[in-house]
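Engineer: fold the following, please.
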Amino acid sequence: MEVPEEAVARPRRRGRTALLITGAAVLGLVAGTCAGYLVQADRDPTRLPSLSQPKIEQTRGEAPEPLSASRDRQVRTEGDLRELLLKKPAGAKKADWLGTDGWMTMADYAGYYDDPGRAFEDLSYAFRRAAVTVWEQDSYTVEIRLVQYRQDEVAHAASDSVEDAHYWAEATDSYEGDRKTRSWTVPGTEDGMAYVHTVPEREPGYLPVYNAEAHAWRGDIAMEIWVYGTEPIDGKTIRGLAERQMERL
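Structural biologist: Residues are numbered from 1 along each chain as shown. Predicted structure coming up:
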């Protein structure tokens with residue numbers, strides 16, 4: 001006899017006999033559990049072994065002295081962040097457009113992004129404060145920013161910011177065609193990098209502008225250095241600035 005296709009596809013029903021067997025198994029389990037409780041109730045309680053702990057010997061001698069403010073990085077970075085910025089070299093001129101206090105608001109900092117509105121929204125999760133200094137020397141301008149982040153909700157905000165900066169610094173060759181970039185590590189940092197873009201940016205009616213940049217982080221602070229001018233920038237210049245600035249952190 002040929003079995004219809006629908007009968008094969010549908011699941012098999014469970015009859016009354018299977019339900020009775022299942023119910024008997026459950027009753028047997030309950031009865032066995034009750035019997036076990038009755039047997040245990042007639043027995044004397046078994047004493048548990050005592051908890052033991054090895055004796056811990058205390059060290060002798062005086063405790064180490066607390067770090068001085070000059071050695072305690074957290075004490076230094078919780079103070080006036082502007083004091084950690086590199087000082088303007090002798091003979092250099094302070095940029096007129098910088099302002100007087102050396103602080104950048106979150107809105108000011110977001111304004112440096114291609115999409116300030118989106119940058120402002122992203123920064124609102126972790127941005128704490130930013131200090132900046134700018135000076136003009138010879139044929140180029142130096143801008144240094146120290147951006148401090150709150151790293152409670154975003155645990156690696158400073159390093160993430162630097163990683164993003166590395167990506168865009170290295171991507172310039174791919175989206176700007178002939179803008180060749182050379183790069184070096186920044187001594188004394190985990191993944192700090194300095195970049196020199198050897199081909200200048202050109203805009204109609206303006207002189208060609210050469211650019212160099214450096215990015216590194218330490219703790220909750222991200223360092224950014226930007227150098228730009230009308231003459232090619234030596235790699236030693238941007239690397240030296242980055243190394244000296246990181247030493248102050």
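
Engineer: phi, psi for the nearest residue in space to E201 that is not next to it in sequence please.
Structural biologist: Spatial nearest neighbour of E201, excluding adjacent residues (C-beta to C-beta, 6 or more residues apart in numbering): V209 at 4.9 Å. C-betas here are computed from N, CA, C, even on glycine. Note on V209: backbone dihedrals following degrees, to the nearest 10 are phi -120, psi 120.

Engineer: correct me if wrong: V209 contacts P200.
Structural biologist: Yes. The pair V209 / P200 is scored as a contact, 5.5 Å apart, by C-beta atoms under 8 Å.

Engineer: can you give me the end-to-end span of stretch 152-163?
Structural biologist: This stretch, stretch 152-163, spans 19 Å end to end (C-alpha to C-alpha, to the nearest Å).

Engineer: who touches stretch 231-243?
Structural biologist: With contact meaning C-beta atoms under 8 Å, 6 or more residues apart in numbering, stretch 231-243 is reached by 86, 139-140, 142, 144, 182, 184, 186-188, 192, 194-196, 198, 210-214, 216, 223, 225, 227.

Engineer: what's the answer for stretch 162-170, then?
Structural biologist: For stretch 162-170, contacts defined as C-beta under 8 Å, 6+ apart pick out 181, 183, 191-193, 195, 213, 215-217, 222-224.

Engineer: ok, stretch 108-119 next?
Structural biologist: With contacts defined as C-beta under 8 Å, 6+ apart, stretch 108-119 is touched by A107, F120, L123, F127, A130, R145, V147.

Engineer: as JSON lines, those residues with neighbour count would be great.
Structural biologist: Formatted as JSON lines, the contacts of stretch 108-119 follow (neighbours: other C-beta atoms under 10 Å):
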{"residue": "A107", "neighbour count": "11"}
{"residue": "F120", "neighbour count": "16"}
{"residue": "L123", "neighbour count": "21"}
{"residue": "F127", "neighbour count": "22"}
{"residue": "A130", "neighbour count": "22"}
{"residue": "R145", "neighbour count": "18"}
{"residue": "V147", "neighbour count": "26"}
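
Engineer: in helices, which of those residues appear?
Structural biologist: Secondary structure from DSSP state H places A107, F120, L123 of the contacts of stretch 108-119 in helices.

Engineer: return the member of the residues you listed nearest to A158.
Structural biologist: L123 (12.4 Å; C-beta to C-beta).

Engineer: alright, that wraps it up for me.
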